[in-house]
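Student: heads up, no residue letters with this:
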């Protein structure tokens, strides 16, 4: 049976890498639907994500639902796994704090399936004590992470914060869905 993955895309320069993830996930037989944070469209369009997935990309918290259930609840109910890649510092902090002010954060809060974050951010942001604490808190509460890697960052230097390779992220997805945690 085909597994349904929600790919959460956040406001990060690495948002374009969601295209590679969609391709790899679909090649492995997964159904992929994108949910975007409000800032994601500053980096990638819903049209691009819809074209690659063949499904509507959700970005508007108040779009009309196709059923009686609110959009974020319907999305969460239909998901076997939520993958947030790239996961911005903002989205990680919101989820850790229980802030539900956009469709992606609300979908994650309404979900009872595994959630994986693949962070992408400046190395100073990733190594900030508060961010490290939020990540530790989420891990303690059964959220999963694919750690960022050393690489070229948008600020022009290299550091830990570069989005992990798409293959490593997909491997984590498969491990979780086949319960090889």
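Tutor: Structure's in. What do you need? As the structure is a computational prediction, the values presented were derived from the model and not from experiment.

Student: show me what the helix or strand bottoming out on mean pLDDT in the chain is packed against.
Tutor: Within the chain, no helix or strand scores below helix 71-78, which has a mean of 84 by mean pLDDT, DSSP states H and E. With contacts taken as 3 or more Cβ pairs under 8 Å, 6 or more residues apart in numbering; DSSP states H and E, helix 71-78 sits against strand 4-9, helix 103-110. To be clear about C-beta, it is placed using only N, CA and C from the backbone, and glycine gets the same treatment.

Student: between the helix or strand just after the first one and strand 4-9, what angle do the directions make?
Tutor: If you walk from strand 4-9 toward the C-terminus, the next helix or strand you reach (DSSP states H and E) is helix 18-27. In this structure, helix 18-27 runs at an angle of 170 degrees to strand 4-9, with axes from the mean of the first three to the mean of the last three Cα atoms, to 10 degrees as the basis.

Student: give me the helices and strands touching helix 18-27, please.
Tutor: strand 4-9, strand 31-36, helix 46-53, strand 81-87, helix 166-177.

Student: would you turn these into a markdown table with distance to residue 21, mean neighbour count and mean pLDDT?
Tutor: Shown next, in a markdown table, are those (distance: least, Cβ to Cβ, whole Å; neighbours: other Cβ atoms under 10 Å; pLDDT from 0 to 100):
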| stretch | distance to residue 21 | mean neighbour count | mean pLDDT |
| --- | --- | --- | --- |
| strand 4-9 | 6 | 27 | 98 |
| strand 31-36 | 8 | 23 | 97 |
| helix 46-53 | 10 | 17 | 96 |
| strand 81-87 | 6 | 27 | 98 |
| helix 166-177 | 5 | 18 | 97 |
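
Student: turn those into CSV, columns for distance to residue 104.
Tutor: Shown next, in CSV, are these (distance: least, Cβ to Cβ, whole Å):
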stretch, distance to residue 104
strand 4-9, 5
strand 31-36, 5
helix 46-53, 13
strand 81-87, 7
helix 166-177, 17
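
Student: residue ranges with poor pLDDT in the protein?
Tutor: 1, 61-69, 180-181 (pLDDT under 70).
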